[in-house]
Every structure is written in structure tokens, then in C-alpha cells.
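In: no sequence on this one, just coordinates:
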């Protein structure tokens with residue numbers, strides 16, 4: 001309206017509720033009543049200099065500016081470091097540089113000026129985040145010596161400092177070459193290699209996480225590995241490959257003169273075994289790999305450590321898909337192949353058809369003008385076995401296999417498991433050097449000192465040279481099949497490397513399978529699919545050895561579909577325990593046991609918690625059940641009901657009869673003639689029948705709980721105290 005605004009009433013302004021209204025930040029403040037603060041101490045003391053008039057500002061500041069005026073007006077501008085103004089009535093804090101404060105006195109209690117540095121701090125943070133595009137390296141700046149390890153998937157900001165350059169150098173160079181990039185964009189392998197070539201640097205691109213592994217590898221001294229003067233001839237490592245039931249293990253049985261075939265389930269060698277034999281005064285190491293396609297990874301590992309591959313092909317079956325797969329592994333490993341055409345004694349054997357099938361796979365036999373050695377044989381009848389060994393020896397001589405036996409040992413883990421009495425046990429194959437008892441070693445994430453070494457014949461040895469397979473005791477944990485093992489300079493280095501790898505593996509596992517949620521039972525999978533929902537089948541997987549565990553896992557993963565997802569809640573080596581039951585109950589998971597069984601307490605808990613346990617000895621059946629559940633075609637289910645359980649307390653050796661187990665029946669009853677299995681630490685090591693059952697000197701038909709008895713088994717002699725003998729029968733489960 002153009003009228004002058006009347007001055008505010010004296011005193012602090014009040015709100016409608018009668019409370020004082022705080023002044024705006026940075027604005028003038030009214031002085032508190034005189035004497036409101038005690039004088040003489042702290043902030044209550046008077047300021048130095050003459051007192052100010054009540055309610056007014058101090059005198060004009062040096063340099064002119066706005067004059068002091070009416071109460072509440074501003075004083076003169078503050079030159080830096082000017083004298084303090086006169087103190088106001090009632091005292092106040094001592095005057096500092098820059099003169100007095102508006103308002104004629106000290107701030108009222110609780111009044112604070114809003115901080116002004118936040119904006120500057122925020123702007124500064126934003127500026128620091130922006131790449132310094134104007135910063136370029138000097139011409140001729142030095143380049144790091146040697147090979148620089150760079151992880152893939154990094155940006156220019158992360159890549160450039162590794163080569164003593166700035167992000168601006170990388171971006172400018174790539175833009176000149178037509179690559180539109182920014183300092184924060186992920187660089188491709190070609191872009192990083194192009195820039196390194198431009199400045200004369202040598203880089204090695206690795207996957208994320210590999211850089212740390214290479215740094216750990218640098219802790220080992222490999223300088224003596226390639227010493228030509230120290231090289232010596234070593235035994236050949238021969239891997240036997242082929243389709244299931246084509247005679248691989250039978251061949252090894254004949255070579256070793258040991259019966260290891262009869263105890264196998266369905267003709268499958270369930271995990272890799274390594275054996276060393278003397279043939280005409282020369283040592284030869286054999287590795288037996290399972291023949292089923294499910295064990296692809298295990299067979300691939302076998303091919304990586306082998307010198308010669310024996311490809312077993314049955315004359316009556318011919319070349320099978322798994323045979324072709326084995327050929328691919330051998331070619332990928334770059335090792336020579338010798339074909340053994342087995343079962344030529346069968347009536348329907350057709351050797352010429354097999355030779356034609358081999359030629360189709362570019363394995364042209366020598367008899368057809370090619371260079372593939374083919375040996376006709378019958379492992380069962382022991383025909384042609386010596387001829388095969390002779391051919392393998394000739395190929396090994398041509399290959400001129402050597403290794404340095406004096407350096408620190410290194411090699412590969414073929415198999416590993418957890419033994420209750422001995423701890424982690426790893427079956428390893430020495431590649432270079434000599435492994436000795438007491439050596440500090442690292443195998444994957446496991447580390448320790450070699451406490452004992454056991455050869456393939458069960459004897460303890462003090463050292464193992466190149467191409468020697470041994471069992472090693474003394475590791476901190478169970479390594480994975482296929483892990484490299486190395487002897488460390490000292491135990492401290494072994495521990496550092498092992499723990500760093502273990503921590504990295506643990507972090508990877510935590511990031512890995514995050515799909516575990518409330519799952520469905522195996523028999524309910526199809527009904528959930530029919531309802532149009534995505535079914536998640538949670539599994540707790542237990543196996544007898546590490547290689548079988550990995551192979552079963554890979555096989556199950558291939559069964560996944562868009563409507564059915566598999567989530568592995570837990571995977572481990574060993575028997576099914578109460579902890580597994582508890583975990584399965586919490587996640588509604590199904591427990592899959594491969595060549596392992598639950599103990600009595602675990603079975604009771606599973607029944608109480610309604611946890612489904614499925615145990616298998618042949619992987620075909622396992623995969624068929626899971627796949628059938630996905631299409632709603634589960635075959636009739638037979639449940640194994642344990643009828644009796646006996647503990648071996650003594651072992652008696654009887655001439656002409658063999659071992660007799662002196663047992664105590666812990667539960668149920670033991671009946672002669674029933675199916676029986678032999679368990680050691682939860683792992684099945686034999687299945688068969690009871691041939692004799694005695695109470696003292698009397699033959700009896702059955703022995704009940706709480707009594708002692710003597711049990712004779714059909715063809716099993718490896719009895720030990722503490723082993724369990726279970727009798728069982730199969731009953732049809734009625735589905736609801």
C-alpha cells in the first residue's frame with residue numbers, strides 16, 4: 001500500500017501458543033535481558049573494550065560501509081582481522097576478529113547460525129567424482145617393467161594407473177582411434193591391449209579374482225622346474241577311458257591281479273582310482289575314470305594329467321556317445337590315443353564295424369593305413385593284455401617323458417574325502433619333484449604338513465617321485481578333485497595361500513546360489529508346474545567322495561528347466577547326519593545321498609521331521625527319478641526299511657573260512673539270508689548277504705536286539721572294529 005511498516009514490538013516475537021519464535025538463521029538476534037547470564041566466567045564474561053549501547057551495534061568498522069543505526073540494523077562490513085566491537089550490556093563472549101555480532105549482545109541460548117560449509121563440501125565431493133580429463137601424463141613417462149596383470153572388466157580410471165598413466169591418456173588415445181569411451185566405461189580386451197601396445201607395455205589379462213591367485217602363485221619358487229640338467233625319465237601316466245561296461249576296470253583288474261570289480265555298483269567305477277604297476281621292470285601308472293557321461297568333469301581332469309589315453313571300445317557295442325566324448329577330451333588334452341577293442345570273444349563281436357566307426361571319428365587304424373594303434377583283446381579272458389601293455393610302453397618311449405625329481409613337488413588332486421579316523425584324505429598324483437613326509441603343502445584351499453603317505457598297495461612310504469599316486473594325510477580341509485597341490489617354502493606360506501583361497505571360495509559361495517527359498521517336495525514338483533508356478537526343488541546333496549559330489553551336481557544342473565529350478569542348500573562329502581536333517585526341515589529340502597546312508601539317529605529325526613531322504617548307488621537311477629518328477633511320471637517308489645543293525649566289536653580269523661565279525665545287535669534283529677550292507681563312517685563299502693550266523697557254537701536263524709553273535713559275510717573280508725552291519729528289506733511306498 002506504500003505505507004511504512006511499523007517496527008516490531010519490543011522483546012522476542014511470540015507464536016500463537018505463547019512460545020518464543022526463534023530468529024531465522026543468520027539474522028539479527030535480540031539481546032537477553034541484562035544479567036541473564038552470570039558474569040565473570042565462561043561466555044558470561046564481558047567482552048573486551050568499551051560496552052555497547054543497549055540494543056545497538058558497535059561503532060562503524062574500519063573501511064566504511066553501513067553505519068550503525070537503529071536497534072537491529074547491521075554494522076559495517078567485516079574486514080578480515082579487524083578489531084572486536086564493544087561488548088553489549090549483560091556481557092557476552094569475548095570479541096574476536098571481525099567485529100561484533102548484530103543484535104547488540106550475545107546470542108540467546110540455543111541460537112546457532114546455519115552451517116555454510118555443507119554446500120562447499122558437497123560441491124567439492126561432486127568435483128572429486130568427475131574424472132580429471134585435463135590431466136595428461138608427460139611425454140615419455142616410464143612404463144612398468146615386466147608383465148602387468150590386469151583383470152578384465154575394468155574402466156579407464158582403474159586401468160590407467162596400472163601402466164603409470166591417467167584416465168585422460170587412455171580416453172584421448174581411444175577417441176583418436178575412433179573409440180567413443182568415457183573414463184568410467186568398462187574397457188574391452190582389445191581396447192586395453194591396443195593402449196598397452198601404443199605405450200610399449202606388456203599386459204596379461206585375467207578373469208576377476210585371478211590376479212590375487214597369480215600373486216599367491218608368485219610366493220612359490222619354480223625356478224628349478226625347467227632345469228634341463230636335472231630332468232630324468234619318469235613313468236608314463238595312462239588314463240583308461242570309454243563307455244560304461246566296456247571293460248575298463250576289468251582290464252585294470254587283470255593288470256594289477258586284484259579283484260576290484262565285483263564290488264562295483266552297476267558296473268560303474270564310482271570314483272577315480274590310481275594304480276602303479278611294474279611291467280617288465282618298468283613302472284606304469286594307470287588312472288581309471290568312470291565311463292558314464294555324468295562324470296565328464298572327472299574324466300576331463302584325468303585327461304589333463306595323463307600322457308597316453310587307452311580308449312576302450314567293446315567289439316559287440318561299438319563306438320558309443322560316451323566313447324566320442326572321451327575322444328574329444330583326449331584331443332583337447334593333446335595326448336596320443338591307443339584303442340583297445342575289447343570283448344572280441346563275444347559271439348556278436350564285430351571288429352570291422354568298430355574300425356569303421358573309429359575311422360568316422362578320424363581315428364584311422366594302422367591296418368587301414370592310418371596312425372592309430374588298435375589292439376584286439378579280451379580282458380575277461382586275459383587275451384591281448386600283454387600286447388596292449390607292450391604298445392603302451394613303445395608309445396611312452398617315443399614321447400620321451402621326463403621330469404625334475406629334485407625340486408619342490410607339485411601335482412594334482414585326483415580324489416579327496418573326509419575320514420573320521422584320519423581326517424581329510426587326498427589321493428594325489430605327483431607331476432614334478434619329490435613329495436616327502438613333513439613337507440608343507442597347499443591343495444586348493446587346504447594346507448598343512450604331510451603327516452603320512454600311503455601308496456596304492458596300502459603301505460606307508462616316506463617319499464613319492466614323479467608319476468606316483470599316493471594318499472596324503474595332514475591337510476586342514478578336504479580339497480576339490482582337480483585342485484593343484486604344491487609344496488610351499490614353509491608352513492607360514494602354505495597357511496597364507498590356503499587361507500586366502502579358502503576366504504575367496506567362501507565369498508564366492510555366499511554370492512553364488514541365492515535362490516534357496518521355501519521349496520517343494522520331489523513328488524509335488526509336477527503338481528506345482530501344472531498350476532503354472534515355477535517350482536524350486538531344494539536339495540541337500542551328500543556323496544561318498546568329492547569327485548562324485550561334483551559330478552552328480554553337474555548332472556542335476558543339466559536337468560533344470562524354465563519351470564523347475566534346482567537350489568543346492570548344502571553339498572558335502574560324508575554320511576547323512578542329524579544336521580543335514582535339521583537343515584532340510586528348515587528349507588523344505590529333499591536329501592539326496594549318493595553311495596552314503598543316514599545313521600539311526602538321522603533316520604529317526606527324518607521320520608519325526610517328515611524329511612524325505614533318497615539314497616542311490618547308481619547315478620542313472622538318481623537322474624531318472626529327478627527327471628521323472630519334473631514330468632509327473634515318478635516310478636513306483638520302494639523304501640528301504642532297516643530291519644537290524646549290528647556293530648562289529650571283534651574280528652576273528654578262521655582258517656579256510658576267513659574273517660568272522662563278532663557283533664553286538666544294537667537294534668532290530670539280524671536274520672540269516674537277508675540283504676545286508678556294510679557301512680564305515682556312514683559310507684557303504686560293501687553289499688551282499690549273510691552266509692553264516694552263530695550264537696556261540698550254534699547256528700541260528702536270527703539274533704535279536706541286545707545279544708551278541710558271529711556273522712560271516714559272503715565275500716567280504718575287510719572287517720574293522722566299529723563298522724556297522726545293516727540288514728534291510730524293500731517295501732513299496734503308496735503315494736498319496
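Out: Structure's in. What do you need? Computed from a predicted structure; not experimentally measured.

In: going forward, measure contacts and count neighbours with C-alpha atoms only.
Out: OK.

In: quick one: secondary structure of residue 502?
Out: helix (DSSP: H, G, I helix; E, B strand; the rest coil).

In: same check on residue 7?
Out: coil.

In: who touches it in this structure?
Out: Neighbour list for residue 7: empty [criterion: Cα atoms under 8 Å, 6 or more residues apart in numbering].

In: and what of residue 233?
Out: Applying Cα under 8 Å, 6+ apart, the residues contacting residue 233 are 400-403.

In: list only those of those residues flagged as buried.
Out: Buried members of the contacts of residue 233, scored by 16 or more other Cα atoms under 10 Å, are 402-403.

In: narrow the contacts of residue 233 to those in strands?
Out: The strands, defined by DSSP state E, take in 402-403 from the contacts of residue 233.

In: and the contacts of residue 233 as a markdown table, adding distance to residue 160 and pLDDT?
Out: Shown next, in a markdown table, are the contacts of residue 233 (distance: Cα to Cα, whole Å; pLDDT from 0 to 100):
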| residue | distance to residue 160 | pLDDT |
| --- | --- | --- |
| 400 | 46 | 85 |
| 401 | 44 | 86 |
| 402 | 43 | 87 |
| 403 | 41 | 87 |
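
In: identify the residues contacting stretch 423-430?
Out: 409-419, 464-479.

In: so which of these belong to strands?
Out: Judged by DSSP E, the subset of those located in strands is 410-419, 464, 469-475.

In: and the longest strand for the protein?
Out: strand 637-654.

In: flag every buried residue along that strand.
Out: 639, 642-649, 651.

In: try stretch 415-430
Out: For stretch 415-430, using 16+ other Cα under 10 Å, the buried residues are 415-418, 424-430.

In: now do stretch 486-493, average pLDDT.
Out: For stretch 486-493, mean pLDDT rounds to 87.

In: between its first and last residues, how far does stretch 397-407 reach?
Out: Start and end residues of stretch 397-407 are separated by 24 Å (Cα to Cα, to the nearest Å).

In: including pLDDT and distance to residue 387, could the buried residues of strand 637-654 go into CSV?
Out: What follows is these, written out as CSV (pLDDT from 0 to 100; distance: Cα to Cα, whole Å):
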residue, pLDDT, distance to residue 387
639, 73, 48
642, 86, 49
643, 88, 50
644, 90, 50
645, 91, 49
646, 91, 48
647, 91, 47
648, 91, 45
649, 90, 48
651, 86, 43
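
In: CSV for the residues you listed, including distance to residue 248?
Out: Compiled in CSV, the buried residues of strand 637-654 are given as follows (distance: Cα to Cα, whole Å):
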residue, distance to residue 248
639, 33
642, 34
643, 36
644, 36
645, 35
646, 36
647, 35
648, 34
649, 37
651, 34
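
In: of all those, which comes closest to residue 370?
Out: Nearest to residue 370 out of those is residue 639 (Cα to Cα; 54.0 Å).

In: circling back: what's the farthest-apart pair in the buried residues of stretch 415-430?
Out: 418 and 430 (20.8 Å).

In: residue 426 - nearest residue in space that isn't next to it in sequence?
Out: Leaving aside its sequence neighbours, residue 426 sits nearest to residue 416 (Cα to Cα, 6 or more residues apart in numbering; 4.2 Å).

In: wait, the one you found sits on residue 475?
Out: No - using Cα atoms under 8 Å, residue 416 is not in contact with residue 475, being 10.6 Å away.

In: how close does residue 423 get to residue 145?
Out: 45 Å.

In: show me what contacts the residue nearest to residue 426?
Out: 424-427, 478-481, 545-547.

In: can you tell me which of those are in helices?
Out: 546-547 (DSSP state H).

In: can you tell me which of the contacts of residue 416 lies nearest to residue 728?
Out: Using Cα to Cα, residue 545 comes nearest to residue 728 of the contacts of residue 416, at 24.0 Å.

In: state the number of residues packed around the residue nearest to residue 673 when sequence neighbours are not counted.
Out: Nearest residue to residue 673, sequence neighbours excluded (Cα to Cα, 6+ apart): residue 690, at 5.5 Å. Counted with other Cα atoms under 10 Å, residues neighbouring residue 690 total 21.

In: and residue 690, bridged to which residues?
Out: residue 713 (DSSP bridges).

In: same check, this time on the one 5 residues further on
Out: Beta-bridge partners for residue 695, by DSSP bridges, are residue 698.

In: the buried residues of stretch 415-430 into JSON lines, with extra columns for distance to residue 396 and pLDDT?
Out: Shown next, in JSON lines, are those (distance: Cα to Cα, whole Å; pLDDT from 0 to 100):
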{"residue": "415", "distance to residue 396": "25", "pLDDT": "81"}
{"residue": "416", "distance to residue 396": "29", "pLDDT": "83"}
{"residue": "417", "distance to residue 396": "32", "pLDDT": "82"}
{"residue": "418", "distance to residue 396": "35", "pLDDT": "82"}
{"residue": "424", "distance to residue 396": "34", "pLDDT": "88"}
{"residue": "425", "distance to residue 396": "31", "pLDDT": "88"}
{"residue": "426", "distance to residue 396": "27", "pLDDT": "89"}
{"residue": "427", "distance to residue 396": "24", "pLDDT": "88"}
{"residue": "428", "distance to residue 396": "21", "pLDDT": "90"}
{"residue": "429", "distance to residue 396": "18", "pLDDT": "90"}
{"residue": "430", "distance to residue 396": "18", "pLDDT": "91"}
